[in-house]
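# no sequence on hand, only this structure:
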């Protein structure tokens, strides 16, 4: 019996989306602080059969939480207690910034989607780094055999000129790489002016090379480096990025970020228009994100790790993406609609699907 959708309708659906997110996240962190999370973790721990090797790391499950939920590393341990095999923190910028004006997060409930124009609101790399370090040490201590993985997603500070973007990314890379299991360069959010121009291969090449070198140097080890792309890239551009990633020997690509398109929505156009600009995430992205994943897989074969994200709601969605060439899968938007036991349900569903296919 799933009571969360009813609870969501009564408690959260009428509330400002950002406020609801804040309250929900505080609840998850409170469960961790009171010790309830540890009890919960025994019930939600992924089955041993879900262990996944990727990026030179061992993940307890192929399913993790995409960047955007925990923007500043406040709830890493708490979130892993819900069954996520990894938590990607961020997007974090070189300098602290408040993000865009509120309201900036909107739900399209009929579409099981969200539109956001948060604008990378975060405390900045220097403030987030010690939180990552302490979360990583705690996970190591509590999971001596196989701990959940911490990914860190970095982006450009809004006030920094595009011409100085590389230097700005390097500030984050140097601060955060030592405590990160893997690092993601986000050049695909639609909410930082000009950011998506960095997806252009000529601009991307020196940026990724510099970030990779700085991260490895700061951490004293190789920190797996991935780039996160937008689903709105043309197919030619997707193939160009794939070639660049192979050429630079990146570790992987995350596909995809949110989309600026508004096609095929159930929600009325008056409502959608009244929300205005922002990136759309959730169920409407399912088809395009799968298409981008298949195209990338064709281009990179087994040479890069592909992390699929976009429209992932169920164990079947996760399995479909794994079969289409992803090694890891992330979700976020459905978490808001499905509630705290979502990751655990997906893990159990994956085990069931795999057992079913063995018979």
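All right, it came through fine. Keep in mind that what you see is a predicted model, and the values were worked out from it rather than measured.

# quick one, helices of the stretch 51-200 of the chain?
Using DSSP state H, counting those that start in this stretch, the helices of the stretch 51-200 of the chain run over residues 76-80, 125-142, 165-176.

# and the contacts of the second one?
When contacts are taken as CB atoms under 8 Å, 6 or more residues apart in numbering, the neighbours of helix 125-142 outside the stretch itself are 38, 72-74, 76-77, 80, 89, 92-94, 96, 122, 147-148, 150, 152, 154, 171-172, 175-176, 178-181. Just so you know, the C-beta spots here come from the backbone N, C-alpha and C atoms, and that holds for glycine as well.

# quick one, phi/psi of the residue nearest to the spatial centre of the chain?
The centroid of the chain falls nearest to residue 66 when counting by CA atoms, centre = their mean (2.0 Å). Here the main-chain torsion angles of residue 66 (degrees, to the nearest 10) amount to phi -70, psi 160.

# next up, the contacts around it.
88, 309, 330-332.

# greatest separation within those residues: which pair is it?
Using CB to CB, the two most remote members of the contacts of residue 66 are 88 and 331, lying 11.0 Å apart.

# looking at these two, which has the bigger crowd around it?
residue 88 (31 against 27; other CB atoms under 10 Å).

# give me the nearest residue to that one, chain neighbours excluded.
With CB to CB, 6 or more residues apart in numbering as the criterion, residue 88 has its nearest non-adjacent residue at 3.7 Å, and that residue is residue 151.

# pull out the buried residues from stretch 302-310.
When burial is assessed from 16 or more other CB atoms under 10 Å, stretch 302-310 yields the following buried residues: 304-310.

# among the contacts of helix 125-142, which ones are buried?
Members of the contacts of helix 125-142 classed as buried by 16+ other CB under 10 Å are 72-74, 76-77, 80, 89, 92-94, 96, 122, 147-148, 150, 152, 154, 171-172, 175-176, 178-181.

# what sits in contact with each of residue 88 and residue 331?
For the pair residue 88 and residue 331, residues contacting each of them under the criterion CB under 8 Å, 6+ apart are 65-66.

# returning to that earlier point: and the gap between the residue nearest to the centre of the chain and residue 308?
10 Å (CB to CB, to the nearest Å).

# over to residue 232?
Between residue 232 and residue 308 the distance, using CB to CB, works out to 17 Å.

# shouldn't residue 250 be within a strand?
No - membership of residue 250 in a strand is not supported by DSSP: H, G, I helix; E, B strand; the rest coil, which gives coil.

# quick one, what contacts the residue nearest to it when sequence neighbours are not counted?
The spatial neighbour of residue 250 that comes closest, neighbours along the chain excluded (CB to CB, 6+ apart), is residue 225 at 5.5 Å. Counting by CB under 8 Å, 6+ apart, residue 225 touches 182-185, 208, 211-212, 215, 250-251.

# so can I have JSON lines of those residues showing pLDDT, distance to residue 338 and neighbour count?
Formatted as JSON lines, the entries for those read as follows, by pLDDT from 0 to 100; distance: CB to CB, whole Å; neighbours: other CB atoms under 10 Å:
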{"residue": "182", "pLDDT": "98", "distance to residue 338": "25", "neighbour count": "27"}
{"residue": "183", "pLDDT": "98", "distance to residue 338": "28", "neighbour count": "26"}
{"residue": "184", "pLDDT": "97", "distance to residue 338": "24", "neighbour count": "26"}
{"residue": "185", "pLDDT": "94", "distance to residue 338": "29", "neighbour count": "26"}
{"residue": "208", "pLDDT": "93", "distance to residue 338": "34", "neighbour count": "23"}
{"residue": "211", "pLDDT": "97", "distance to residue 338": "34", "neighbour count": "24"}
{"residue": "212", "pLDDT": "97", "distance to residue 338": "35", "neighbour count": "22"}
{"residue": "215", "pLDDT": "98", "distance to residue 338": "33", "neighbour count": "28"}
{"residue": "250", "pLDDT": "95", "distance to residue 338": "32", "neighbour count": "23"}
{"residue": "251", "pLDDT": "97", "distance to residue 338": "30", "neighbour count": "21"}
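
# before we move on, back to that, strands - which of the contacts of residue 66 land there?
Secondary-structure check on the contacts of residue 66 using DSSP state E: residues within strands are 88, 309, 330-331.

# Serialize the residues you listed to a markdown table and add fields for distance to residue 48 and pLDDT.
Listed next are the ones in strands among the contacts of residue 66 as a markdown table, based on distance: CB to CB, whole Å; pLDDT from 0 to 100:
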| residue | distance to residue 48 | pLDDT |
| --- | --- | --- |
| 88 | 23 | 98 |
| 309 | 25 | 97 |
| 330 | 21 | 98 |
| 331 | 22 | 97 |
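
# where do the strands sit along the stretch 1-150 of the chain?
Taking DSSP state E, counting those that start in this stretch as the test, the strands found in the stretch 1-150 of the chain are 52-54, 57-59, 63-65, 86-93, 105-108, 113-116, 149-155.

# need these in CSV with distance to residue 263, can you?
Supplementary listing: those in CSV, determined by distance: least, CB to CB, whole Å:
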stretch, distance to residue 263
strand 52-54, 32
strand 57-59, 33
strand 63-65, 26
strand 86-93, 25
strand 105-108, 13
strand 113-116, 12
strand 149-155, 26
